[in-house]
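Engineer: Got a predicted structure plus its sequence, pasted below:
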Amino acid sequence: MDAPLNAPDLVDALRADLDAVGYDVEHVESVLGPVAAGALHRAEVVPALRATETALALGGGDEAVAVLTRLFVLGVSTTRGRLDRALARLGTDGAQRLGLVTTAGQAPDDEVRALVDLRPYAAVDGRGEATWWLASDLGELATGGALRTDHVLGVGGASTTLAQVTVRDERARGLDLGTGCGVQALHASRHVGHVTATDISRRALGFARFNAALAGIGEDRLALREGSMLEPVAHERFDLVVSNPPFVITPRRADVPSYEYRDGGRAGDDLVRDLVVGVTDVLEPGGVAQLLGNWEVRRGEPWDARVGQWLDASGLDGWVVQRELLDPAQYAETWIRDGGTTPERDPAGWTLRYGAWLDDFASRDVEAVGFGVVTLRKPHDEARGARLRRLEEVTGTVQQPLGPVLAASLAAHDWLAARDDDALARERLQVARDVTEERYLTPGAADPQVVLLRQGGGFGRTVQVGTAVAGLVGACDGELAVGQIVGALGALLGTGAEAVAAEVLPTVRGLVEDGLLLPA
């Protein structure tokens, strides 16, 4: 099937109906209950089916939400009469004209089946909570079969992650590269004057156009372009680029299916490399690009070797946060299942594809595949090159949204770059509100053996510091300059201000860049 039709009057009626019945995340989860909602997040539908059956039997205010959830999320057919009641303005006929459903006839008891997944969406980004309804292709849970190769994906964990890590300050022009169903473009529309969204898939652009219309975003604020990667915008410049690109590393073999939403058609991690290196061509000075990606870890190399080379070649400020590292077998299992192939349903296909993935990785001596977030920024003074080069592994729990944290860290980096140690000594700092200190002492000892500074939000960093740094941080209340505190510590410790400064200032810079200390 094609994407839903963008018919303004019908879309307006649909929006009014969904709003009137309360088809939102909170109401759906209330109808399902915590057990069924949790199971559905784990791709188990039985509890959700039972919960919605109960809601239908009881009727009342939850009936419409139960009908829509069963139809558009769980893929269970309903009757024309029930859908007419749930969508009082649009009706079944209007939903059929939009391409959302197909129906067997005109009688109230005639069967109606969904052609798309249509569900409420809510996520907190750096601008607060964003809520829309999003249409995409029905997933494997609803269809019971493998995905079609031109499948248009709905919102998954990767989409939500990118939305939450994106910096959300005001920007004039934004680009959503590989828009899919359009969720990143919708997020960008909240703080970017004009957004351009591209995709190689014409069906994906159709879904994105429908979702933008359903969200009330007109074509004057969102332009859609068909084409591969940066080609559709080769001669344009943007202040913000976001991309959840088709980064999956898939064997390039005829007997292994390639899915438009995840497979970029390049060998290995070449697509992500080319995007990291090439995005500078469409960035305005000061512009930021943020993307998700996979990178191969070759035998005998550290995980950051390849992606570090990409940062160097880009000429941009670069910050890579690796969130996950999978071995070749784990990676193969993840993405074979993602396409709908399982050893239970298709043992021969499972074995063939599993072997193809392992052979492909072995051909390049790949020992693991990293996944993470890449943040790039074009310096205002391009001659200075990549002033920020940071590659770190953060696999633990983080406090989302991280977008404001990343934005603050970029600003802190610039603040520090403009100040040598003498200038830093003249500044006043204060401890961030989410920072706590832990001290560990041997029983009976007067002084601690270990002092830890813990960050409660953001990346939740823990920094072990010595006595001098701990003393300085403890005195950072915005009243005294750093140099004054250093001088007092030098006298107290008997080592002199110069020695204390040499010990503490490099650590202080790191604490400022990571947000544990803030300019007063």
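Structural biologist: That came through, no problem. What you see is a predicted model, and the numbers here were worked out from it, not measured in a lab.

Engineer: check which helix or strand covers the residue most central in space within the chain.
Structural biologist: Geometric centre of the chain, nearest residue: Leu162, 1.7 Å, by Cα atoms, centre = their mean. Using DSSP states H and E, Leu162 sits within helix 157-165.

Engineer: hmm, back to that, report the separation between the residue nearest to the centre of the chain and Leu292.
Structural biologist: Leu162 sits at a distance of 5 Å from Leu292 (criterion: Cβ to Cβ, to the nearest Å). Backbone N, C-alpha and C define where each C-beta goes, glycine included.

Engineer: Helix or strand with the lowest mean pLDDT in the chain?
Structural biologist: For the chain, using mean pLDDT, DSSP states H and E, the weakest element among its helices and strands is helix 140-143, scoring a mean of 84.

Engineer: Would you map the strands across the stretch 51-200 of the chain?
Structural biologist: All strands of the stretch 51-200 of the chain, identified by DSSP state E, counting those that start in this stretch, fall at 78-79, 101-103, 111-114, 117-125, 128-136, 171-177, 192-199.

Engineer: Over to the stretch 401-520 of the chain?
Structural biologist: Taking DSSP E, counting those that start in this stretch as the criterion, the stretch 401-520 of the chain carries its strands at 428-431, 435-440, 450-455, 462-465, 477-481, 517-519.

Engineer: so what's the spatially closest residue to Cys476 that is not a sequence neighbour bridging to?
Structural biologist: Excluding the flanking residues, the one nearest Cys476 by Cβ to Cβ, 6 or more residues apart in numbering is Leu429, at 4.5 Å. Counting by DSSP bridges, Leu429 forms beta bridges with Pro519.

Engineer: Count the neighbours of Leu429 for me.
Structural biologist: 24 (other Cβ atoms under 10 Å).

Engineer: pretty sure it is touching Pro519, no?
Structural biologist: Yes. With contact defined as Cβ atoms under 8 Å, Leu429 counts as touching Pro519 (6.3 Å).

Engineer: Now the common contact residues for these two.
Structural biologist: Counting by Cβ atoms under 8 Å, 6 or more residues apart in numbering, the common neighbours of Leu429 and Pro519 are Val512.

Engineer: list the buried ones in stretch 134-149?
Structural biologist: By 16 or more other Cβ atoms under 10 Å, the buried positions in stretch 134-149 come out as 134-140, 142, 146-147.

Engineer: Now do that stretch: distance from first to last residue.
Structural biologist: Stretch 134-149 stretches 20 Å from its first residue to its last (Cα to Cα, to the nearest Å).

Engineer: Contacts for that stretch, please.
Structural biologist: 3-4, 43, 45, 73-75, 100, 114-119, 121, 151-155, 180-183, 207, 210-211, 214, 257-260, 339-341, 346.

Engineer: Which pLDDT value goes with the residue nearest to Pro108 when sequence neighbours are not counted?
Structural biologist: Computed as Cβ to Cβ, 6+ apart, the closest residue to Pro108 that is not its neighbour in sequence is Gly81, at 3.4 Å. We have a pLDDT of 97 for Gly81.

Engineer: Could you double-check that Gly81 lies in contact with Asp109?
Structural biologist: Yes. Look at Gly81 against Asp109 with Cβ under 8 Å: they come within range, at 6.6 Å.

Engineer: Looking at the two, which is more packed in?
Structural biologist: Gly81 (14 against 10).

Engineer: Against Ala57, how distant is that one?
Structural biologist: Gly81 is 16 Å from Ala57, by Cβ to Cβ.

Engineer: State the pair within the buried residues of stretch 134-149 that is farthest apart.
Structural biologist: Leu134 and Ala146 (22.4 Å; Cβ to Cβ).

Engineer: which residues touch the spatially closest residue to Ala407 that is not a sequence neighbour?
Structural biologist: Take Ala407 and drop its neighbours on the chain: the residue closest to it by Cβ to Cβ, 6+ apart is Val167, 4.1 Å away. By Cβ under 8 Å, 6+ apart, the contact list for Val167 reads 126, 240, 288, 290, 375, 403-404, 406-407, 410.

Engineer: Please pick the buried ones from these.
Structural biologist: Neighbour counting by 16+ other Cβ under 10 Å classes 126, 240, 288, 290, 375, 403-404, 406-407, 410 among those as buried.

Engineer: ok, which pair from the residues you listed is furthest apart?
Structural biologist: Leu240 and Pro404 (14.6 Å).

Engineer: Run a quick neighbour tally on Asp274.
Structural biologist: For Asp274, using other Cβ under 10 Å, the count is 16.

Engineer: State the distance from it to Pro246.
Structural biologist: Taking Cβ to Cβ, one finds Asp274 at 12 Å from Pro246.

Engineer: same deal with Gly286?
Structural biologist: 28 Å.

Engineer: Show me which of these two is the more surrounded one.
Structural biologist: Pro246 (24 against 11).

Engineer: Which residue, other than its chain neighbours, is closest to that one?
Structural biologist: Nearest residue to Pro246 in three dimensions, chain neighbours excluded: Gly264, at 4.0 Å (Cβ to Cβ, 6+ apart).

Engineer: who's in contact with that neighbour?
Structural biologist: Contacts of Gly264 by Cβ under 8 Å, 6+ apart are 229, 245-248, 271.

Engineer: From Phe371, how far out is it?
Structural biologist: From Gly264 to Phe371 the distance is 15 Å (Cβ to Cβ).

Engineer: Over to Glu231?
Structural biologist: For Glu231, the distance to Phe371 - Cβ to Cβ - is 26 Å.

Engineer: more neighbours, these two?
Structural biologist: Phe371 (18 against 11).

Engineer: Confirm the more buried one sits in a strand?
Structural biologist: Yes. With DSSP: H, G, I helix; E, B strand; the rest coil as the criterion, Phe371 is located in a strand.

Engineer: That one is in contact with Val321, isn't it?
Structural biologist: No. Here Phe371 does not reach Val321: they are 10.2 Å apart, not a contact under Cβ under 8 Å.

Engineer: in the chain, which ranges drop under the pLDDT threshold?
Structural biologist: Counting by pLDDT under 70, the chain has low-confidence residues at 382-386.

Engineer: ok, longest strand in it?
Structural biologist: For the chain, the longest strand by residue count, based on DSSP state E, is strand 283-298.

Engineer: Report the buried residues of that strand.
Structural biologist: 283-284, 287-298.

Engineer: orientation of the following helix or strand past that strand relative to strand 283-298 in degrees?
Structural biologist: The helix or strand immediately downstream of strand 283-298 is helix 304-314, counting by DSSP H and E. Using axes from the mean of the first three to the mean of the last three Cα atoms, to 10 degrees, the direction of helix 304-314 lies 160 degrees away from that of strand 283-298.

Engineer: Check which helices and strands the helix or strand just after helix 304-314 sits against.
Structural biologist: Downstream of helix 304-314, the first helix or strand assigned by DSSP H and E is strand 317-326. Strand 317-326 sits against helix 304-314, strand 366-377, strand 389-393, helix 403-417, with contacts defined as 3 or more Cβ pairs under 8 Å, 6 or more residues apart in numbering; DSSP states H and E.

Engineer: Could you pull up the residues touching the closest residue to Trp303 other than its chain neighbours?
Structural biologist: Sequence neighbours aside, Val297 is the residue nearest to Trp303 in space, at 4.9 Å (criterion: Cβ to Cβ, 6+ apart). By Cβ under 8 Å, 6+ apart, the contact set of Val297 is 303, 305-306, 325, 366-370.

Engineer: Just the buried ones among those residues, please.
Structural biologist: Looking at those with 16+ other Cβ under 10 Å, the buried ones turn out to be 303, 306, 325, 366-370.

Engineer: ok so, going back, and the contacts of Val297, which is closest to Ala417?
Structural biologist: Ala305 (25.9 Å).

Engineer: State the distance from the closest one to Gly315.
Structural biologist: 19 Å.

Engineer: now Asp359
Structural biologist: Asp359 is 36 Å from Gly315, by Cβ to Cβ.

Engineer: Perfect, that will be all.
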